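Trainee: please find the sequence and the predicted model below.
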Amino acid sequence: MNVTTNNQLMATIALAALQNVEDPEIGLNVVDLGLIYQLDFEETEKKVYCTMTLTTQFCPMGGSIRDNCLHSLQAAFPGYEIIVRLQFDPPWNADRISEEGRKFLGR
Amino acid sequence: MFPSGNYTDPAKTTSPKLVLPFYLYAAVSFLCAAVLLLFSVKDFTGHYFNPHMLAITHIMALGWCTMIILGASHQLVPVIIEGSLFSPFLARSSFIFSAIGIPVLVYGFYQFNMGWPSRMGGMLIVLSVLSYVVNLGLSISKSGNESVQSSFVLTASLWLLVTTIIGLLLVYNFSIPLLPHNSVAYLSFHAHIGIVGWFLLLVMGVGSKLIPMFLISKYQHNSMLWWIFGLVNGGLLVFAVCFLYNSAAYLFFLPLVLILAAVFLFMFFCYKAYRERIRKKVDEPMKLSLLSVLIMAIPPVMMIVLLLVLTGTNKTPAKLVTAYGFLVFFGWLTAIILGMTFKTLPFIIWNKVYHRLLGKIKAPNPRELYNDKIVQVMLYCFFAGLGVFVTGILVESVLLLRAGGMLLLVTAILYNWNVMYLLKHKVQPG
């Protein structure tokens, strides 16, 4: 799983929450699909920054997937401000899928 | 804090309120066409140019195939052209003009009244297509996207406009001599501009984007897609020249070979996308869509047989022509739509119903919003009905035509049941 972070412990909590968010077309969660690029935390200001991508930039489900990540992080970090941003540079590619993800997809 | 970089908002999707009426209209049209088919089976034993067959063909081509393609295309514009839809107003206008125009035109054809109903219906349909073409053109221009898929979709929509204008001219030509020959002489021209220019080109353009996307395939080959684009349009232009200059029958093999080459290249593209897919398991709607790519080769192969008979005997084989037209609309295009409906509609509904609730409640998977078992039964009925009906046409058996018509009516009822079930979906309590 290739996610950069400034706080490994909190990132583990965030990733566990994000594992409940599925890409509805593929049926695989966004973490194993490799959609999460970066998770940063500012504990003094109580902020969580999530940088993520989509399998295709103009995915019609993009808004739903992003909002689902936002709500899941809100539930995992009550009292924190959650900011989820989409980034397409570098674009997503299949090499980002985790071993578990590959097994799920039958590869 | 965020690292430096370019951040983007998610693509603006087209409102479901704009798209869903197209799906509903198409589903009801399919049911109406299936009912009319069952009541008109005897017409399928005679010559293909008769009022009932004309009416059924236009419900299928416009009410069923074109309406659902217009709806899906409004939804998929952001994916295909990588930009948002220019004008919801033009999309709504396109629906309203067609929704009124199609039944009026079909009524005119069914009664064989080439006066006001056919003329008014035809004009409304031209207006609808014009709204769509302008909207699509402006959406592409605004997005600045010049991808091969944008070219496929825009060119297909221009061919549709040409088809509908020719159709309107043919309606007028029945009573006012606008063209050198009678309207019946131009039917194959009108039909093939529509089938190849609109349906084939659009299916190839949209399919080249969606098939790798749904299979999660790494395969891309833009130069092959440009070749396919050139072959289809080149074939169509050669066909138009041959037709308008009354060329000998054997010359029509040239456009046919060009289009057949495009079809085989597209099949190869889909095969490569399938081979290089990351997701091993392919779901049922996707299997049907891939099967319809194979079915795509049947009409041009049948056309080769038709041309061979025509050049050999100098007579138009009417039964083969009827079977060919039937296979295009009830076979190839219907197979694509039956597959793609359940790949797109559940996601549109899911987005509409659960978008604001995600992460707060446990939302079902979009695939759980329709009854998969009914889809399976529908597909058995569809393929059985198709085979029996085509056999009925070829052997001129009213009994087989009735049996095939019944199976296709069951297909349409089951399809409508699932579409209505989807459209009525509400948030599940608990």
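Mentor: Yes, it's here.
Trainee: from now on I want contacts and neighbour counts done on CA atoms only, so please keep to that.
Mentor: Noted.
Trainee: where does chain A have low pLDDT?
Mentor: Where chain A drops to pLDDT under 70, the residues are A:1.
Trainee: and for chain B?
Mentor: Looking at chain B by pLDDT under 70, you get B:1-12, B:429-430.
Trainee: give me the residue at the spatial middle of it.
Mentor: residue B:65 (4.0 Å; Cα atoms, centre = their mean).
Trainee: burial count for residue A:9?
Mentor: Neighbour count of residue A:9, defined by other Cα atoms under 10 Å in any protein chain shown: 9.
Trainee: for it, identify the helix or strand it belongs to.
Mentor: helix A:8-18 (DSSP states H and E).
Trainee: can you show me the strands along the chain?
Mentor: Using chain A. Along chain A, the segments classed as strands by DSSP state E run A:4-5, A:36-42, A:47-52, A:81-87.
Trainee: let me rephrase: I mean chain B.
Mentor: Counting by DSSP E, chain B has strands at residues B:7-8.
Trainee: quick one: residues contacting residue B:377.
Mentor: Residues near residue B:377 by Cα atoms under 8 Å, 6 or more residues apart in numbering or on different chains: none.
Trainee: repeat that for residue A:104.
Mentor: Going by Cα under 8 Å, 6+ apart, residue A:104 touches residue A:28.
Trainee: quick one: name the residues of the stretch 251-400 of chain B near chain A.
Mentor: Residues of the stretch 251-400 of chain B lying close to chain A by Cα under 8 Å from any Cα of the partner chain are B:278-281, B:347, B:351, B:355-356, B:358-360, B:365-366.
Trainee: up against chain B, what does chain A have?
Mentor: Contact residues (Cα under 8 Å from any Cα) of chain A with chain B: A:21, A:24-25, A:27, A:40-42, A:48-51, A:57-64, A:66-72, A:85-89, A:94, A:105-107.
Trainee: 7 Å instead?
Mentor: A:24, A:40, A:49, A:58-60, A:62-64, A:67-68, A:71-72, A:85-87, A:105-107 (Cα under 7 Å from any Cα of the partner chain).
Trainee: any of the residues you listed buried? List them.
Mentor: With neighbours counted by 16 or more other Cα atoms under 10 Å in any protein chain shown, these contain buried members at A:24, A:40, A:49, A:58-60, A:62-64, A:67-68, A:71-72, A:85-87, A:105.
Trainee: now for the longest helix seen in chain A, which elements pack on it?
Mentor: As assigned by DSSP state H, the longest helix anywhere in chain A is helix A:62-76. Here helix A:62-76 touches helix A:8-18, strand A:81-87, going by 3 or more Cα pairs under 7 Å, 6 or more residues apart in numbering or on different chains; DSSP states H and E.
Trainee: how big is the angle separating that helix from strand A:47-52?
Mentor: 150 degrees (axes from the mean of the first three to the mean of the last three Cα atoms, to 10 degrees).
Trainee: and the angle for helix A:62-76 with strand A:36-42?
Mentor: Between helix A:62-76 and strand A:36-42, the angle comes out at 40 degrees (the same axes, to 10 degrees).
Trainee: hmm, who's touching helix A:62-76?
Mentor: Applying Cα atoms under 7 Å, 6 or more residues apart in numbering or on different chains, the external contacts of helix A:62-76 come out as A:14, A:17-18, A:21, A:23, A:54, A:82, A:84, B:10-11, B:351, B:355, B:358-360.
Trainee: go again with 8 Å.
Mentor: A:13-14, A:17-18, A:20-23, A:54, A:80-84, A:86, B:10-11, B:351, B:355-356, B:358-360.
Trainee: the helix holding residue A:9 vs helix A:62-76, what angle?
Mentor: Using the same axes, to 10 degrees: helix A:8-18 against helix A:62-76 is 120 degrees.
Trainee: mind listing residues that contact helix A:8-18?
Mentor: If you take Cα under 8 Å, 6+ apart as the criterion, helix A:8-18 is touched by A:5, A:29, A:30, A:31, A:39, A:40, A:41, A:69, A:72, A:73, A:76.
Trainee: for stretch B:199-207, same thing?
Mentor: Defining contact as Cα under 8 Å, 6+ apart, one finds that stretch B:199-207 is touched by B:80, B:148, B:149, B:150, B:152, B:153, B:155, B:156, B:157, B:229, B:232, B:266.
Trainee: nearest residue to the second one other than its sequence neighbours?
Mentor: For residue B:148, ignoring the flanking residues on the chain, the nearest one in space by Cα to Cα, 6 or more residues apart in numbering or on different chains is residue B:226 at 6.4 Å.
Trainee: for the one you found, give its distance to residue B:82.
Mentor: Separation of residue B:226 from residue B:82 (Cα to Cα, to the nearest Å): 18 Å.
Trainee: try residue A:89
Mentor: In terms of Cα to Cα, residue A:89 sits 16 Å off from residue B:82.
Trainee: the more surrounded of the two?
Mentor: When residue A:89 and residue B:82 are compared for neighbours, residue B:82 comes out ahead with 23 against 10, by other Cα under 10 Å.
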